[in-house]
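Engineer: Model the following, please.
(chains A and B)
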Amino acid sequence: MENKPSSKKVSSNNSLGMLLLKGRTFIVLILLVIFFSLATPTFLTTSSLLLVAKHVALYGILGIGMTYVIITGGIDLSVGAVVGLSGMIAGGLINEGLSMFGYTLYFSIPLVILITVICGACIGALNGFLITRFKVAPFIATLGIMYVARGAAMLRSQGKTFANIVGKEALGNTGFELLGRNVLGIPVGAIILFVIAVIAGVILKKTPLGWHIFSIGGNEKAAKLSGVKVNKVKILVYIFSAICASIVGLIAAAQLVAAHPATGESWEMNAIAAAVLGGTSMAGGIGTIGGTIVGAFVIGVINDGMVMCGVSEFWQMVIKGLVIIFAVIIDQFQRNLQAKMALQQRNENK
Amino acid sequence: MENQAKNVTKPEVCLSVANIDQIYPGTKALDDVSFEIKKGKVSVLIGENGAGKSTLMKIIAGIETPSAGKIFMDDKEVSFKDTTEARAHGIGIIHQELSLFPNLTVYQNIFMANEKTKGKFIDNKTHIELTDKILARLEHPINANTLVGDLRVGQQQMIEIARNLIQDDLKILIMDEPTSSLSEQEVEVLFKIMRELKEEGISIVYISHRLEEIMRIGDYVTILRDGRIVAEAEVPEIDIPWIVKQMTGEGKSYPKKLRKIDWSKQEVVLDVKNLRLPKRGGGYLLKDVDFNLRKGEILGIYGLMGAGRTEIFECLMGIHPEHTGEVTLGGEVIDIKNISEQIDRGFALVPEDRQREGLVQTMSIGKNISLSSLKNYVKGIFIDKKKEDKNIYEQIKDIHIKVADKDLPILSLSGGNQQKVVIGKGILTDPKILLLDEPSRGIDIGAKTEVFDIINQYAERGLSIIVISSELKEIIAIADRIMILSNGIKTAELTSEEVTEDSLVLASYKGHSGH
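Structural biologist: As a prediction, this is how the structure comes out:
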């Protein structure tokens, strides 16, 4: 009994440290913002912050889908390619329409968006199907689909860009570029990010589906024996990730008012980095949407901040890599601490 | 032990630890512990979960470094930085939780980090030869090229034992609950090996929750409670009630079952006929097994490792849709296809391997409890937190899980309480039939008694329960009726009045002869 007070002190010390650790990505974000605003006076201006927000929206939405996948213990390498392909599908539909039986069909913008997202969902379903039915490892299945989707994007226009995808009044398909503009001063992409984040966060925390996602990553065998429909949930998760990617493809194309088949190359890595920076465990079972959003901000601020500072592209890569590794090391440190505290609790309960 | 006990000369001490403290943040796992391992003897360590047995053994095996205290071997002070150093001193350990590589073969597991080489290259021929030899000695002729992940838990345990036996200059072998997943027959083999090792002058430290085993194999007993040594004795001088008293501080034993019910008047809930499960590569894991289960009844399934006990549960849960036979639930023939459908029909399974199949380690206690029954708390598309919490707390109270807060991580609970969480998860699905696979494996006697109380309590309320257990006394104490399986065949069915330990053991061997 005599060691009771001391153990109390230990745990209260730990909890302050814990709070700092848990908010570490957020702290890093604030430090980065302070650093860049000191380093370059143009950083803290409305126009450059809007630019950052536009980019963050892209990484953030991809990161949300990726977070779902990683929590189940999987990975989705195909999202970058799906971004490119989705832009090409939309751009092609607007500029060239759909040619069938000698006729050319043009769709209104909402329909274009719907078709693109459905195509994305099909790619996600294919990923999920390969992984659950044929037991292909997620890394390999999505790697394969990544090449297939990127190739398909290139084939759509033989590698050329669909430029100026604004549609024609006469065809009734104008207005696509609004997706890349601002509403009330806020980029539409950022608004979409916010909406998706809220929905995804609520699903993850408040619905059985969300818990089932966590349980699969935590212990797939136990989840199965508990009655979780593991395969169904996995397929849904890959579909969700691909839908997020095709939305990003649409936004990116709208922001540029052009669709290029190479758009989104290596963005899957940014998405993974955002999720991991936000505390998602690559082993599965742990992760939050809020964390991923903060992670996406960190990636976005580093990218754009360094560009504004005039850091060379090559140094940008080195620095980004180091930040990611550093974040994961701290993450590991926090896990160890948590495990220790759990053990301590267990012994105190005795 | 029969002969050794009469030995009058004082046995020499092979290793001793003096005044060991082990402090974890906020708690003292070991408090001034001094302990001797005697040469060529079996020193038994007993204590409830969390008493510090495993911690002490980890220190001796070099896995943990003590906060204070000294270790002596042959009167010289030693200290082990890691297991390699301890192993160099001839100390081997068989862990409580299996520490094998499921992705590697039997011989790779046995020789991991102890490889035999020919020149610069690994000599697999020798590996396989030695593996065959050691497994023959353990009376478990498993093909050396089999993947360990494909083996049953009991067989894996044998591999773990084999791995230590191949060490060249083994002086001390620490066995942390080696029998918790072994059948009675396998335990016999293990005891035979232990006697041989003793004759070779190897000292054994043995940790077990099975008290009757300790009386049979032990030479010296040391009892730990809350990190302190509370009693030490020579085995011939003590009996089981004494041990239990020292462990818990009071007289506890298995609860005696006294239920006078005319089972023939109870409604049959489950009726299984001609259950057959084909084995990969020919033969059957289950061959024409018939049984039924009545309302409120506890049916025990006893059998050796590989007798088909777990497979019966797996068939009922829909894990093996390839099985054949007729299963009638509540008067209706059902077609078993998948797990979630079976859960909906009212089956709940508490699996054998708590860590691997029962718990989601990354989730909280509360979430683990409600995982199977989430759909009962859905309002619209959301989980009704209030309703869920209410059910979780009721369940926690109902099955006496000792926990301050349901949001704590699941791993903050002791093994016994973790097991109760897995049982609680099953019960929250409001099942008609509860399937318990080795519910008392690896938990201390206090928690065991509580688990039995819970099982009895739900049976009284009309839940039909099937229990698998490898422990004779346990299954006799808990079951109203016992079905014995041997080699996939049902060899006997005994009511609690007619059952004896001998009849159970006899029937569990029957399936191997003649058929």
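Engineer: Quick check: closest non-adjacent residue to B:H127.
Structural biologist: Counting by C-beta to C-beta, 6 or more residues apart in numbering or on different chains, B:Y107 is the residue found nearest to B:H127 once chain neighbours are left out, at 4.5 Å. Heads up, the C-betas are built off the backbone N, CA and C, glycines and all.
Engineer: I'd assumed B:I142 was in contact with the one you found.
Structural biologist: No: B:Y107 lies out of contact with B:I142 (C-beta atoms under 8 Å); the separation is 10.0 Å.
Engineer: where along the stretch 201-350 of chain A do the strands fall?
Structural biologist: Shown for the stretch 201-350 of chain A, the strands assigned by DSSP state E, counting those that start in this stretch span residues A:258-259.
Engineer: For the stretch 51-200 of chain B, I'd like the single residue that approaches chain A most closely.
Structural biologist: At 8.9 Å from chain A, B:A51 is the closest residue in the stretch 51-200 of chain B, using C-beta to the nearest C-beta.
Engineer: what's around that residue, how many residues?
Structural biologist: B:A51 is flanked by 24 other residues according to other C-beta atoms under 10 Å in any protein chain shown.
Engineer: could you measure the nearest residue to B:R356 once chain neighbours are set aside against B:V421, distance?
Structural biologist: The shortest distance from B:R356 to any non-neighbouring residue, by C-beta to C-beta, 6+ apart, is to A:K221 (6.0 Å). Here A:K221 is placed at a distance of 16 Å from B:V421 (C-beta to C-beta, to the nearest Å).
Engineer: C-alpha coordinates for the helix or strand that A:I113 is a member of, PDB please?
Structural biologist: Applying DSSP states H and E as the criterion places A:I113 in helix A:109-132. The C-alpha coordinates for helix A:109-132 follow below in PDB (Å, rounded to 0.1, in the frame of the first residue of the first chain):
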ATOM      1  CA  ILE A 109     -21.800  17.700 -65.200                       C
ATOM      2  CA  PRO A 110     -23.600  15.900 -62.300                       C
ATOM      3  CA  LEU A 111     -23.900  12.800 -64.500                       C
ATOM      4  CA  VAL A 112     -20.200  13.000 -65.500                       C
ATOM      5  CA  ILE A 113     -19.300  13.100 -61.800                       C
ATOM      6  CA  LEU A 114     -21.600  10.200 -61.000                       C
ATOM      7  CA  ILE A 115     -20.200   8.100 -63.900                       C
ATOM      8  CA  THR A 116     -16.600   8.800 -62.800                       C
ATOM      9  CA  VAL A 117     -17.300   7.900 -59.200                       C
ATOM     10  CA  ILE A 118     -19.100   4.700 -60.200                       C
ATOM     11  CA  CYS A 119     -16.100   3.800 -62.300                       C
ATOM     12  CA  GLY A 120     -13.800   4.400 -59.300                       C
ATOM     13  CA  ALA A 121     -16.100   2.300 -57.100                       C
ATOM     14  CA  CYS A 122     -15.800  -0.600 -59.600                       C
ATOM     15  CA  ILE A 123     -12.000  -0.400 -59.400                       C
ATOM     16  CA  GLY A 124     -12.200  -0.500 -55.600                       C
ATOM     17  CA  ALA A 125     -14.600  -3.500 -55.800                       C
ATOM     18  CA  LEU A 126     -12.000  -5.200 -58.000                       C
ATOM     19  CA  ASN A 127      -9.300  -4.500 -55.400                       C
ATOM     20  CA  GLY A 128     -11.500  -5.900 -52.700                       C
ATOM     21  CA  PHE A 129     -12.500  -8.900 -54.700                       C
ATOM     22  CA  LEU A 130      -8.900  -9.800 -55.600                       C
ATOM     23  CA  ILE A 131      -8.000  -9.500 -51.900                       C
ATOM     24  CA  THR A 132     -10.900 -11.400 -50.400                       C
END
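Engineer: next helix or strand past that helix?
Structural biologist: helix A:138-157.
Engineer: so what secondary structure elements neighbour that next one?
Structural biologist: Applying 3 or more C-beta pairs under 8 Å, 6 or more residues apart in numbering or on different chains; DSSP states H and E, we find helix A:138-157 packed against helix A:79-95, helix A:109-132.
Engineer: repeat that with 10 Å
Structural biologist: Here helix A:138-157 touches helix A:46-71, helix A:79-95, helix A:109-132, helix A:230-256, strand A:258-259, helix A:267-277, going by 3 or more C-beta pairs under 10 Å, 6 or more residues apart in numbering or on different chains; DSSP states H and E.
Engineer: can you tell me the average pLDDT over that helix?
Structural biologist: The pLDDT scores in helix A:138-157 average 95.
Engineer: need the next SSE after the helix or strand harbouring the residue nearest to B:H127, C-terminal direction.
Structural biologist: Assigned by DSSP H and E, B:Y107 belongs to helix B:106-110. Counting by DSSP H and E, the next helix or strand C-terminal to helix B:106-110 is strand B:117-118.
Engineer: and that next one, how far out from the chain's middle?
Structural biologist: 37 Å (C-alpha atoms, centre = their mean, to the nearest Å).
Engineer: Quick one: list the elements packing against that strand.
Structural biologist: helix B:124-137.
Engineer: Give me the secondary structure label for B:V499.
Structural biologist: The three-state label given to B:V499 by DSSP: H, G, I helix; E, B strand; the rest coil is coil.
Engineer: Can you get me a residue count around it?
Structural biologist: Neighbour number of B:V499 under other C-beta under 10 Å is 22.
Engineer: Please verify my assumption that it contacts B:K473.
Structural biologist: No: with contact defined as C-beta atoms under 10 Å, B:V499 does not count as touching B:K473 (11.2 Å).
Engineer: returning to that earlier point: most packed of the helices and strands packed on helix A:138-157?
Structural biologist: Neighbour counts (mean count of other C-beta atoms under 10 Å in any protein chain shown) averaged over each of those peak at helix A:79-95, with a mean of 28.
Engineer: and that helix, average pLDDT?
Structural biologist: Mean pLDDT, computed over helix A:79-95, is 95.
Engineer: Point out where the chain drops to low pLDDT.
Structural biologist: No chain was given, so I picked chain A. In the predicted model of chain A, residues A:1-18, A:20-21, A:342-350 satisfy pLDDT under 70.
Engineer: That was the other one, I meant chain B.
Structural biologist: B:1-10, B:24-27, B:48-50, B:96-98, B:180-181, B:248-259, B:281-282, B:305, B:511-515.
Engineer: and the strand or helix carrying B:K273, which strands flank it?
Structural biologist: Using DSSP H and E, B:K273 sits in strand B:268-278. Here strand B:268-278 has these sheet partners by DSSP bridges: strand B:284-294 (antiparallel), strand B:324-329 (antiparallel).
Engineer: pretty sure A:K168 is touching A:E96, no?
Structural biologist: No: the pair A:K168 / A:E96 is not scored as a contact, 11.7 Å apart, by C-beta under 10 Å.
Engineer: shared neighbours, those two?
Structural biologist: A:Y106 (C-beta atoms under 10 Å, 6 or more residues apart in numbering or on different chains).
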